[in-house]
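Chemist: Would you be able to build a 3D model of this:
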Amino acid sequence: MREFTQTIDEKLFNLLWRSLSEREAEISHEIEADLDSDESALLGNDLVYLRLCMKDLEKKAKEARFSESAFSLDDGYIDLSEL
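Modeler: Next up is the predicted model:
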């Protein structure tokens, strides 16, 4: 398996966290809309993998002592000028 290391700050982490959380919600909604389809089974696999990735990211962010605001999902303004 190939891998790389990326260093991100809290602001960039928050953007990533919001994106992953939104995708998680979209996949969950698609699965709930048609529980018996083959596509829902495949999406279920994607959802499990996404949640495992998010769990690992959350653990690493907490180890790096990111503040609770790094995990914020509110719809407030995000200043992207420093990115």
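Chemist: can we go C-alpha only for contacts and neighbour counts from here?
Modeler: Will do.
Chemist: before we move on, which element is L42 in?
Modeler: Using DSSP states H and E, L42 sits in helix 38-63.
Chemist: chain center to that helix, what's the gap?
Modeler: Its chain's average C-alpha position is 8 Å from that of helix 38-63, according to CA atoms, centre = their mean, to the nearest Å.
Chemist: On the three-state scheme, the residue sitting furthest away from the middle of the chain is what?
Modeler: Distance from the centre of the chain peaks at D36, with 25.5 Å (CA atoms, centre = their mean). With DSSP: H, G, I helix; E, B strand; the rest coil as the basis, D36 sits in coil.
Chemist: I'd like the distance between it and L42.
Modeler: Using CA to CA, to the nearest Å, one gets 11 Å for the distance from D36 to L42.
Chemist: Tell me which residue is most central in this protein.
Modeler: Centroid-nearest residue in the chain, with CA atoms, centre = their mean: L20, separated by 2.4 Å.
Chemist: Please state the backbone phi and psi of it?
Modeler: Dihedral pair for L20: phi -70, psi -40, per degrees, to the nearest 10.
Chemist: How about S67?
Modeler: The phi/psi pair for S67 (degrees, to the nearest 10) reads phi -70, psi 170.
Chemist: who's in contact with the residue nearest to it when sequence neighbours are not counted?
Modeler: Of all residues not flanking S67 in the chain, E10 sits nearest, at 7.8 Å (CA to CA, 6 or more residues apart in numbering). Counting by CA atoms under 8 Å, 6 or more residues apart in numbering, E10 touches F66, S67, A70.
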